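Trainee: turn this into a structure:
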Amino acid sequence: MEEYFDLTDSSTDIDTLVISRVDNFNCELKDQSGKVYKGFLLAKSSGGNVFVVCDTSFQRSDIDRKYQPRLVFRKVDSQLNDRHARADVDCIRIPFLTGEDGYRQFWKMIFFLYKFKELIDLGDFDGNYHTLTGEQLTGYLNDSQNFESIKRAAGDLGTEVSNLLRSTTTIRILKNYRDKLEEFINSESSETDVQNWLDENENKFRQSRCVIFGLEFIEFKREGSSASKRFDILTRIGSNSLERVLIELKSPRDNIFQTVERETTNDPTNEYRLHEKLSRAIPQILGYRRDLNEKDSGDPELEKIGITEGKANIGKCIIIIGKNQSNSVWRRNRENIIKSLSSSLEIWTYSDLLDKLDATIANFESNISQEEE
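Mentor: Residues are numbered from 1 along each chain as shown. All right, here's what the predicted structure looks like:
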């Protein structure tokens with residue numbers, strides 16, 4: 001059974017597979033280690049002696065010059081010999097009706113093949129092709145290690161690197177992230193809820209999901225440490241910039257302010273003070289910045305968080321907490337805080353992230369609309 005990619009094993013990941021061109025007529029299915037598969041194992045009997053496999057090949061049609069996936073479903077024994085119908089029946093049926101029949105595995109395979117539909121229909125293979133989810137693609141584009149490859153691809157396409165991000169797929173992903181931010185805000189989620197979403201599925205989509213902080217940032221690193229002090233996110237401003245940014249996440253359900261009632265000669269009044277979590281976060285994140293910026297190039301702690309060349313060069317710290325309030329007193333107090341902060345510290349709300357994301361989506365949609373006119 002090793003010749004077939006086992007979809008009955010929950011630990012396998014079909015998205016790690018590659019379709020690779022063999023010649024002008026055939027393609028093959030293989031994993032990232034180079035192992036070639038004949039197809040997929042879709043189901044196995046409870047006794048472990050009957051299996052359903054799908055032989056998969058990609059052959060180029062002489063008529064339309066397109067690569068068409070050719071599928072053959074077989075019910076086999078452990079030696080991959082075809083099972084024969086009993087004497088009292090005319091044929092062997094291969095249903096996909098229940099979990100034991102492998103209907104989930106069947107549709108997983110179909111969705112995988114559908115991801116290649118555009119390339120297959122166009123016959124446009126040139127080497128190896130991976131299936132990428134939209135999130136994986138956005139993550140790839142936001143990883144500075146891929147910048148030279150992305151720049152070459154943009155050159156081949158006769159466009160700017162920034163234009164590669166302006167696609168309907170990217171817009172759809174950003175809208176999904178906008179919906180998630182709204183959910184965090186409206187459900188008064190915790191800091192842990194946000195962090196768990198960023199790190200979901202063993203960090204598979206971290207680079208992509210961190211674009212909620214802004215497309216100007218790249219190369220996100222999560223939960224690093226300096227002198228036993230932990231920070232949430234370290235990022236960089238653009239691929240050509242040496243300046244880095246520290247981001248500290250607080251809960252969407254917290255507030256920039258807490259109110260304290262004070263007795264006056266007339267009526268009691270509410271005094272706006274910084275929320276205790278924000279009061280603790282400000283010296284904390286500025287301390288991280290100071291400690292990291294004081295380290296010399298090559299310091300082991302810098303290398304541990306991925307800074308292998310030069311100094312940390314952290315120019316700015318951002319704390320994200322709570323959501324915007326319609327209260328005019330709240331807004332006036334926030335404006336006062338913004339004016340009083342130095343250029344090295346900014347305080348954002350999750351509402352600010354939502355506004356930034358809405359503006360980015362609107363900009364992308366406008367650009368695409370203009371290009372289509």
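Trainee: beta-bridge partners for Arg74, please?
Mentor: In this structure, Arg74 bridges to Val53 when assessed by DSSP bridges.
Trainee: in contact with it, which residues are there?
Mentor: In this structure, Arg74 makes contact with 52-55, 82, 94, judged by C-beta atoms under 8 Å, 6 or more residues apart in numbering. (Each C-beta comes from the backbone N, C-alpha and C, glycine too.)
Trainee: that one and Leu181, how far apart?
Mentor: Taking C-beta to C-beta, to the nearest Å as the measure, Arg74 and Leu181 are separated by 47 Å.
Trainee: just the buried residues of the contacts of Arg74.
Mentor: Among the contacts of Arg74, the ones that count as buried by 16 or more other C-beta atoms under 10 Å are 52-54, 94.
Trainee: TSV for those residues, including pLDDT and distance to Glu191?
Mentor: Supplementary listing: the buried ones among the contacts of Arg74 in TSV, determined by pLDDT from 0 to 100; distance: C-beta to C-beta, whole Å:
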residue	pLDDT	distance to Glu191
Val52	94	46
Val53	94	47
Cys54	93	45
Ile94	87	49
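Trainee: for these, which one is nearest Lys38?
Mentor: Of all those, Val53 has the smallest distance to Lys38: 7.9 Å, by C-beta to C-beta.
Trainee: surely the closest one touches Tyr37?
Mentor: No - counting by C-beta atoms under 8 Å, Val53 sits too far from Tyr37 to count as a contact (10.3 Å).
Trainee: right, and the helix or strand after the helix or strand encompassing Ile318?
Mentor: With the criterion set as DSSP states H and E, the secondary-structure element containing Ile318 is strand 314-320. Using DSSP H and E, the helix or strand that directly follows strand 314-320 along the chain is helix 328-340.
Trainee: so what touches that next one?
Mentor: The contact list for helix 328-340, computed with C-beta under 8 Å, 6+ apart, reads 256-257, 270, 272, 274, 324-325, 347.
Trainee: which members of the residues you listed are the farthest-apart pair?
Mentor: Pairwise distances among the contacts of helix 328-340 were taken by C-beta to C-beta; the largest, 20.3 Å, belongs to Asn270 and Ile347.
Trainee: looking at these two, which one has more neighbours?
Mentor: More crowded of Asn270 and Ile347, by other C-beta atoms under 10 Å: Ile347, with 22 against 12.
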